[in-house]
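Visitor: Build the 3D model from these lines:
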Amino acid sequence: FRSGMAASVDKGDVLGSSGIDPGEVTADVIHEFLEVAFHMILYIREIYPRAIFKRVQKYNVPVQMCVHPELNEYITSVLSSVRLLLDKKAIEKVVLTITSKANTVIERFVFDMKDTFVSSGSSGDDYLLQLETNLRSFLLKISVCDALLKPLPPDCSFAVLVYAKRPSMASLHHEQLAMDFPWIEIDEQEEQAPVNASIVSLKSVYSSILKMQLYVEENPSR
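Guide: Below you'll find the predicted structure:
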């Protein structure tokens, strides 16, 4: 399923020993992480003018977050849907695609999360600290991904694709209609990586509390 937005912007309860479900905590933190990661990718790859971003601290890492209301509202709406699927442990992949003006997919930033929710002996603040430390490493890799990727053509846009277990997507569809933010099912062409795409691995974490990969599928033809 997908949702997309063209890049058109005017230039001008802290965890304790209370037995909180680690799965719920993980969903909360992953939800926030994806928001930060999306903003960073849009900034690093210059999908929007850098003037509409501001420097803030997340996970003790300096990041760039957009201040444009329309874009922020869109990302918030997208991630509200993702949060519902995280609650159901139904997410397989979340993909941010970058598309040229000619509607050719140039890059796909793939967050592979089908095994993200794992059992852990950790609890409380220690669990949260370990989780955020793992996610910090992903943000650091995104911050330097420009050096690994080819320049983009001008006037690119982006879309968000969500790969999830189908029963969960059916229930999500009804909830999103009520929220006036419907998703559409992607076609086969959108679902696949570009032909002969090169794979740029950014970060993989396989720990006792988190399993996730981030890589970029890069179209050799631009």
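Visitor: List phi and psi for Leu140.
Guide: phi -60, psi -40 (degrees, to the nearest 10).
Visitor: My read is that it contacts Pro62, right?
Guide: No. Using Cβ atoms under 8 Å, Leu140 is not in contact with Pro62, being 10.2 Å away. C-betas here are computed from N, CA, C, even on glycine.
Visitor: higher neighbour count, the two?
Guide: Set side by side, Leu140 and Pro62 show more neighbours around Leu140, with 14 against 10, by other Cβ atoms under 10 Å.
Visitor: Which pLDDT value goes with that one?
Guide: The per-residue pLDDT reported for Leu140 equals 95.
Visitor: Report the spatially closest residue to it, excluding sequence-adjacent ones.
Guide: In space, Leu140 comes closest to Val61 once its chain neighbours are excluded; the distance is 6.3 Å by Cβ to Cβ, 6 or more residues apart in numbering.
Visitor: Could you do Gln130 as well?
Guide: Nearest to Gln130 is Ile209, by Cβ to Cβ, 6+ apart, at 5.4 Å.
Visitor: what's the answer for Ser201, then?
Guide: Spatially, and ignoring its direct neighbours in sequence, Ser201 is nearest to Tyr215 (4.7 Å; Cβ to Cβ, 6+ apart).
Visitor: Now do the one you found against Lys101, distance only.
Guide: Distance, Tyr215 to Lys101, by Cβ to Cβ, to the nearest Å: 25 Å.
Visitor: now Arg45
Guide: From Arg45 to Lys101 the distance is 15 Å (Cβ to Cβ).
Visitor: In terms of neighbours, single out the busier of these two.
Guide: Legend: neighbour count by other Cβ under 10 Å for Arg45 and Lys101, higher for Arg45 (23 against 12).
Visitor: Go ahead and confirm that one touches Thr99.
Guide: No. The pair Arg45 / Thr99 is not scored as a contact, 11.7 Å apart, by Cβ under 8 Å.
Visitor: Find residues that contact each of those two.
Guide: Common neighbours of Arg45 and Thr99, counting by Cβ atoms under 8 Å, 6 or more residues apart in numbering, are Cys156.
Visitor: Point to the residue nearest the middle of this structure.
Guide: Leu34 (4.0 Å; Cα atoms, centre = their mean).
Visitor: nearest spatial neighbour of that one, skipping sequence neighbours?
Guide: Leu79 (5.9 Å).
Visitor: any idea how far the regular element (helix or strand) spanning the one you found is from the chain center?
Guide: In the assignment (DSSP states H and E), Leu79 maps to helix 69-87. With Cα atoms, centre = their mean, to the nearest Å as the basis, helix 69-87 stands 10 Å off its chain's centre.
Visitor: ok, now stretch 138-149?
Guide: 14 Å.
Visitor: could you dump it to PDB, C-alpha only?
Guide: Taking only C-alpha atoms (Å, rounded to 0.1, in the frame of the first residue of the first chain), the coordinates of stretch 138-149 have been written out as PDB:
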ATOM      1  CA  PHE A 138      20.700   4.100  11.800                       C
ATOM      2  CA  LEU A 139      20.400   7.900  12.000                       C
ATOM      3  CA  LEU A 140      24.100   8.300  11.800                       C
ATOM      4  CA  LYS A 141      24.300   6.200   8.700                       C
ATOM      5  CA  ILE A 142      21.500   8.200   7.000                       C
ATOM      6  CA  SER A 143      23.300  11.400   7.800                       C
ATOM      7  CA  VAL A 144      26.200  10.300   5.600                       C
ATOM      8  CA  CYS A 145      24.300   8.300   2.900                       C
ATOM      9  CA  ASP A 146      24.800  11.100   0.400                       C
ATOM     10  CA  ALA A 147      28.500  10.000  -0.100                       C
ATOM     11  CA  LEU A 148      27.300   6.600  -1.100                       C
ATOM     12  CA  LEU A 149      24.500   7.500  -3.500                       C
END
